[in-house]
Each structure stands twice: as C-alpha cells, then as structure tokens.
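>>> Next comes the sequence, and after it the predicted model I'd like to discuss.
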Amino acid sequence: MNSADLSYALAIAGTVAFAVTAVLAVIPKGIDLFGACVMGIITAIGGGTIRDIVLDVPVFWATDLNYIWVALASSIAAFYGNRFMERKNVYNLMLYLDGAGASMFAVQGAEKVIGLDFAMPLGPVILGVITAIGGGLTRDVLAGRTTLLMKKELYALPMTVGASGYLIFMHWFPESGFLIGTTCALVAFAIRAAAIYWGLTTPKWMILGDKGIASKK
Amino acid sequence: MNSADLSYALAIAGTVAFAVTAVLAVIPKGIDLFGACVMGIITAIGGGTIRDIVLDVPVFWATDLNYIWVALASSIAAFYGNRFMERKNVYNLMLYLDGAGASMFAVQGAEKVIGLDFAMPLGPVILGVITAIGGGLTRDVLAGRTTLLMKKELYALPMTVGASGYLIFMHWFPESGFLIGTTCALVAFAIRAAAIYWGLTTPKWMILGDKGIASKK
Amino acid sequence: MNSADLSYALAIAGTVAFAVTAVLAVIPKGIDLFGACVMGIITAIGGGTIRDIVLDVPVFWATDLNYIWVALASSIAAFYGNRFMERKNVYNLMLYLDGAGASMFAVQGAEKVIGLDFAMPLGPVILGVITAIGGGLTRDVLAGRTTLLMKKELYALPMTVGASGYLIFMHWFPESGFLIGTTCALVAFAIRAAAIYWGLTTPKWMILGDKGIASKK
C-alpha cells in the first residue's frame, strides 16, 4: 500500500465517520431517512465542495462518486443502526474517527490549495479549515442546531493548527510533503483526541460573553 | 405550442408558485416588503443557482431575467394580496402549483446535468433534487424556519423519485426525453399532490427520534 | 490621492467596520476567539465572495489578502477590546462606519457587475445588494441570530437605492463613473445614517405580519 492508497483509504474512513456522526447528531431532533441521508452526505462532502467552488475547480466528487456512495451507505446504516451506533464505545470510536477525518481533510485541503498556488499564504489555512468543518456547519444550519463556531468545543482550532503547520513546514521543506502532511494531521488529531478524551474546551482567555461579561446591556 | 414552449410556460408558472408560497410562508414571522421580495426571489431561483454553481456553468437567470422579474412581481403581489392568497382555495391552488413547479424543476435539473454528463449517475439525482428544494431550504435558513429536511412532510422524496426515474428511463430510452420527462414530473407531482390532499407523511419505518426513541440519553 | 486610492482606503475602512460590528454582534451569544475571527472575516468578505462565485470570476480576496488580514486583526481587536468598542460613542462610530462600508460595497459591487455586463439590468442591483449584506446574512445564519431580512431595520433598502441609482445614472452618463458612484454611495449612506440616528424602520405600508395580521390562522 503506497502513500496515495493510504491517503485514499483514510479519506474514505473519514467520510464514513463524518456521515455517521452527522446522522447521530440530527436524530435527536427527529428526522426521516431522506433527511438523514441528505445530512450525512452534506456533512461528508460539504466542506470540500465549498472549497472547490471558491477555488473554481471541479468539485472533487464529480469524478469520484465513491465519496457519495460511501456517505449514503453510512447514513442509512447509522439511521437504522442508531441503537448500536449510540452505544458508548461505538459512538466514541466514531467521535475519534470523525476527529481523524477532519484532521486529514484539513491537511488535504491545504495541500490542494498550495498545489494551485491560491491566495498564498492565507488561502490554504482558510480553505483547509473550511474543508474540515464546512460540511458540519452546513448540516447544523440546515438542522437548526447551534454551529460549532458558537460552542467552546475544541474542534476548529486543532484543524487550524494542522493546516497552518502544513503550510509553514511545506514552505521550508517542500520535498517532504508526505511526512509533513502525516505529521500535521497527527498533531491536529492528537489535540482533537485530547479534547474528546479530557473534555477540553477553548482556553478561558479565548472566550467571551458566555458568563454575561459582554451581554450586560 | 411546442414542447419547449410548454416547458418554459411551466417553468414560469412554477416560479410564480415558488415565490408566492415563499412569501406566504414567511409573512407569519413578520417581514417587510424588501425581505418578502428577497425571500420570494431566493426561493424561486435559489435551487437552480446552487445547481449551476456546482456544475460551474453560468447561472440560468443571467441570460433570462424573466425568472427574476416574475418572481419579483409575484412576491409583491403575494405581499399586498396576502389576504386573498391565504383564502383556503387560493392557498391550496398555490400549494399544488408549488408541488408541480418542484416536480418539474427536479426533472429539468436532472436533464441539464445529464446533458453535461456530470458525475453520472448520482449527479443528476442530487442536483435535480437541489434544483427542486434548494431555494426553499435557503429561504427557511434565512427566515429562521425549520427546514423541510427536519419535517416529516413528503416533499423531497417525490422529487427524488422524479429525478431518479428520469435518469433511469433516459438510460434505457435516450430518444424519448420529452415523454419520459413529462411522465416523471407527473409521477413526482402525483405523489406530492396525494401528500397534500391526504396529509401524507413519510412512512413510519423511515422516521426516527420524534418519539424520543433516539433521544433517550 | 487619486480616486482608486480613495476607493481602496474606503474599502479597507469598510472591512474594519464590518469585522468589528460582526464580532460585537455575536459576543453576547458567547463566542471564543476562533469563532469571533471566523465571524469577522466571513462578514467582511462573505458578500463579495458570493457575488464573485455567482459571477464566476476569481474571488476578490484571492489576489489581495489585505482584506482578510485587516478583517482578522480587526476581529481580534474587537474581541479583546470589546469593553472599549462597546462604549456608546465608539460603538456608534462603528455603526456609521458599517453603514458607510455597506453603501460603498453596494455601489462597488454594482460597478463590477456592470463592467462584466452580467445579467443586465437586474444583475448589478441584486449582486450589489448581496455584496453589501451577504456577509452579514451568513454571519447571522452561522450564529443563530435573526437575519436582517426578518427585521424592520432600514438596512437593505438604502443599499438597494444606492446600487439601483448607480445602475440608472451610469446608463445615462456612462462617462461620470466616479461622480455617480460617490453620489450614490453617499445617498445610500445618508439614508442608513438617518435610520441609525432617528431609529427609522421600514415604513408601515411595507410591513406585514408582526402585529399578527397575517398570522391569524
């Protein structure tokens, strides 16, 4: 298995995790099979789709529908298997897989943007993060849920670290793409996994308003 | 009147229905004339616009502003004529016209995607459904309403049937576009109309969470 | 300082105001530094980005990242300096700057669309208004706030006046772009400033539903 195969296998695993966690996230609000599939697919491919539209390149799933088939099958499985998926250990596995998927998508997104030399140096970071969280944001907006931008969950920050790290180290060592990509995705995932495991939130000096400090008026 | 003329006349009728039902849907939340016109226009052209952006082709209304003029006029009429439009029989007519418009937009959307040979075979179904419901979803998000993805209303499902049917039968009988398109739009509309008339919802085995089954934790 | 420099300086000032008012608007809902920066950047560049995607031209910030750097710095400043920014006179200054920015973006958006001869004559008005309010709408949707389309605040209307005025007078006096643009932006800003100063809302004959007239059923 070479690095491209590994990268593809990880992207598919990330797609499964994105779709499953998306469906489990919206089920408590009451949803039907159709809505669940739409939510699963949008969460899985939404971020990359927004990235590609901003880049003005063909959307990545147009030439490889496996992403959508996998997201569709995962959504149906999560819908009917929700009792199994919601078991503590299975759900936790999905949470970690979701974090791993997001970390990898952030780095792959940044990689694609660097390859196109688009809006350097901010473009890869912005669009890398959008690749990782854009689908989840769209899902939350369509489902009427609070988006993760308004939560203190440590999710977008590790993805920003991963995409930024990739950008910076690729600037210094442009030959070592695979090593840098793997390392940055692992670092992003490590932070995200720590956040899941210990229930970490954004540090206090980065939070405003939830204690009423700024909502006094 | 040839088939192209008929198709165009139906698209304009669908645009009227989309704009009118959109304005009537948001009035109860309190809206001004400007907001009503924006909501009407977005609902009428939003789905096709998202489709064209994903396809990376010029948005359909750029070369035919009739769609927007009609949506604008319909929105203003619905705004000031809301007492008339909300009469039971007028409102019902609009509901059925809205269903007819969505059915036709789903098939026309699928047709456009097939013509571009984009992301076959899933592309025409996904973008056909987006053509039909994308405008309504955008309206609901902007208006703070629950999107139809979170309801048990039978709306997106018939549109999926229409777009899928068109795709499948066009694969077998590529010569009979007009016949197949008309039939598929009529079938989608028949299901939607039955759903309106008898108040049908998604079948029970396709629904989760609204009785608290999945929200136990 | 020539007219292009002036135009650029105003666009940067508008970007500052958009980012600052965006961050101040979401702080009461509770937000962390990352979310605040995303909201600030999206508000500042969202409208122009949507416009450019619909126009199918490269997004304006891809070749000039100053817009994003300025939005980022302004967001961080507004986040940590919120007590200062929320002082009555500073906040008011920002409100007026925000209105000035929106007025200018509406006219600049219309100008760009006319230059591309896109969807004349409605295109410049629609996309001019989207340039002015698209970022704020996206922010409100992501933050779970009521969008300005559902409020009686006089915000979108002056922007429509500005973009429409620019379109109409440029048709008659195509040589006088700078004069017409400045005048139309000033008129739009004057209406918006009057609305802020006197707390003006949309005229009564343009409002429906908020007193329950249309929500009787």
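It's in.

>>> What segments of chain A are helices?
A:3-26, A:33-55, A:66-80, A:82-85, A:88-115, A:122-143, A:156-172, A:177-198 (DSSP state H).

>>> so which of the ones you listed gets nearest residue C:60?
Across these, residue C:60 has its closest neighbour in helix A:33-55 (11.5 Å, CB to CB). (C-beta placed from N, C-alpha, C; glycine too.)

>>> in chain A, what spans have low per-residue confidence?
In the predicted model of chain A, residues A:1-2, A:209-217 satisfy pLDDT under 70.

>>> ok, back up a step: quick one: the helices of chain A as CSV, columns for distance to residue B:43 and mean neighbour count too.
Shown next, in CSV, are the helices of chain A (distance: least, CB to CB, whole Å; neighbours: other CB atoms under 10 Å in any protein chain shown):
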stretch, distance to residue B:43, mean neighbour count
helix A:3-26, 23, 21
helix A:33-55, 18, 25
helix A:66-80, 26, 21
helix A:82-85, 32, 16
helix A:88-115, 32, 22
helix A:122-143, 15, 25
helix A:156-172, 31, 22
helix A:177-198, 38, 18
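
>>> Out of these, flag the one nearest chain B.
helix A:33-55 (4.0 Å; CB to the nearest CB).

>>> Does that closest one pack against any helices or strands, and if so which?
Judged by 3 or more CB pairs under 8 Å, 6 or more residues apart in numbering or on different chains; DSSP states H and E, the packing partners of helix A:33-55 are helix A:3-26, helix A:66-80, helix A:88-115, helix A:122-143, helix B:33-55, helix B:156-172, helix C:33-55.

>>> any chance of those in CSV, with distance to residue C:88 too?
Below are the helices and strands packed on helix A:33-55 laid out as CSV (distance: least, CB to CB, whole Å):
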stretch, distance to residue C:88
helix A:3-26, 41
helix A:66-80, 50
helix A:88-115, 41
helix A:122-143, 33
helix B:33-55, 29
helix B:156-172, 48
helix C:33-55, 21
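
>>> Quick one: closest of those to residue A:197.
Nearest to residue A:197, of the helices and strands packed on helix A:33-55 and by CB to CB, is helix A:88-115 at 8.8 Å.

>>> Now do the closest one and helix A:122-143, the angle between them.
140 degrees (axes from the mean of the first three to the mean of the last three CA atoms, to 10 degrees).

>>> Residues of chain A that sit close to chain B?
A:26-36, A:38-39, A:41, A:49, A:53, A:56, A:58-59, A:61-63, A:65, A:68-69, A:79, A:82-83, A:86, A:141-144 (CB under 8 Å from any CB of the partner chain).

>>> Please repeat the previous calculation with a cut-off of 6 Å.
Contact residues (CB under 6 Å from any CB of the partner chain) of chain A with chain B: A:27-28, A:30-35, A:38, A:59, A:62, A:65, A:68, A:82, A:141-142, A:144.

>>> Tell me how far whichever residue of chain A sits closest to chain B lies from residue B:27.
At 3.3 Å from chain B, residue A:30 is the closest residue in chain A, using CB to the nearest CB. Using CB to CB, to the nearest Å, residue A:30 is found at 26 Å from residue B:27.

>>> So for the two, which residue has more residues nearby?
residue B:27 (23 against 19; other CB atoms under 10 Å in any protein chain shown).

>>> what's the distance between that one and residue B:73?
From residue B:27 to residue B:73 the distance is 17 Å (CB to CB).

>>> ok, now which ones touch the residue nearest to residue A:100 when sequence neighbours are not counted?
Spatial nearest neighbour of residue A:100, chain neighbours left out: residue A:189 (5.1 Å); criterion: CB to CB, 6 or more residues apart in numbering or on different chains. When contacts are counted by CB atoms under 6 Å, 6 or more residues apart in numbering or on different chains, residue A:189 touches A:99, A:100, A:103.

>>> Repeat the analysis, applying 8 Å as the threshold.
A:99, A:100, A:103, A:104, A:158, A:162 (CB atoms under 8 Å, 6 or more residues apart in numbering or on different chains).

>>> Quick check: the farthest pair among the residues you listed?
The widest separation within the contacts of residue A:189 (CB to CB) is 11.9 Å, between A:104 and A:158.

>>> Save the helices of chain A as JSON lines, and put in distance to residue C:112 too.
Putting the helices of chain A into JSON lines (distance: least, CB to CB, whole Å) gives the following:
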{"stretch": "helix A:3-26", "distance to residue C:112": "36"}
{"stretch": "helix A:33-55", "distance to residue C:112": "17"}
{"stretch": "helix A:66-80", "distance to residue C:112": "34"}
{"stretch": "helix A:82-85", "distance to residue C:112": "48"}
{"stretch": "helix A:88-115", "distance to residue C:112": "24"}
{"stretch": "helix A:122-143", "distance to residue C:112": "21"}
{"stretch": "helix A:156-172", "distance to residue C:112": "30"}
{"stretch": "helix A:177-198", "distance to residue C:112": "37"}
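
>>> what's the closest of these to residue C:171?
Per CB to CB, nearest to residue C:171 of the helices of chain A: helix A:33-55, 31.9 Å.

>>> gap between the closest one and the chain center?
When C-alpha coordinates are averaged (CA atoms, centre = their mean, to the nearest Å), helix A:33-55 and its chain have centres 11 Å apart.

>>> go on, stretch A:91-111?
Worked out by CA atoms, centre = their mean, stretch A:91-111 lies 5 Å from the chain centre.
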